[in-house]
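[1] Sequence and predicted structure, then a few things I'm wondering about:
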Amino acid sequence: MPVNEEINANTSSGNFPPIPTDVYQVEIKDVSTVKSKKYQSTEEQTQLNFKFVILDEGEHRGRFLQAWTTLTWFSGGGQRSPSKLYLLIKSVHDFYYKDKKSGVSAVAEWTADMITSAVINDLVGKQLRVSSSEIPTGGKVTAFMPVKSALPEWKQEEAPHPAETESDTVTV
């Protein structure tokens, strides 16, 4: 459908300072699928786009971070590191679903066929900690860790300017 009205483009997407390198406690606010090209390929793949909101008190509370993961499930071993999806789910499950006796979740025993849309959708609203490195375009999530205790959830009305805060998404 064509655009039928005059539009004015601007040169800035906002005036938000980068999110500094640190560890932040976040809540998973949304997860969606995104089509992208495989690394060094023209073949298409589906990735998951996780949107996090920072819960820590202070100037960054309510700011958003994002992380993309491929649908690769690997717990690590040999010279290979665990997949980002494995680390993210394990971090959530190690807090919310850990065995009372052993103190860990059963995620390490999961296989790829156990990762369903229900498992992914269950992550929304859960908390974890992320390590973020500051880069010129904002921040980059470099690690996922379980929380030690839950923080109060963030509500949109906490933002001084909710419309601006929602657009303050740092792509990682």
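    Thanks, I have it.

[2] Let me know the pLDDT of residue 146.
    pLDDT recorded at residue 146 is 92.

[3] One more: residue 125?
    Reported pLDDT for residue 125: 96.

[4] burial count for it?
    Each residue near residue 125 was counted by other CB atoms under 10 Å, and the total is 11. Placement of C-beta: from N, CA and C, glycine included.

[5] Quick check: buried residues in stretch 37-55?
    Within stretch 37-55, the residues that count as buried by 16 or more other CB atoms under 10 Å are 47-48, 50-55.

[6] roughly how far out does that stretch sit from the chain middle?
    Here stretch 37-55 is found 11 Å from its chain centre; the criterion is CA atoms, centre = their mean, to the nearest Å.

[7] how long is it end to end?
    32 Å (CA to CA, to the nearest Å).

[8] So which residues of the chain form strands?
    Using DSSP state E, the strands assigned to the chain run over residues 22-37, 44-54, 64-70, 127-135, 138-145, 169-170.

[9] Let me have those in TSV, extended by distance to residue 121.
    Formatted as TSV, those follow (distance: least, CB to CB, whole Å):
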stretch	distance to residue 121
strand 22-37	7
strand 44-54	11
strand 64-70	15
strand 127-135	16
strand 138-145	18
strand 169-170	20
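
[10] Fine by me, we can end here.
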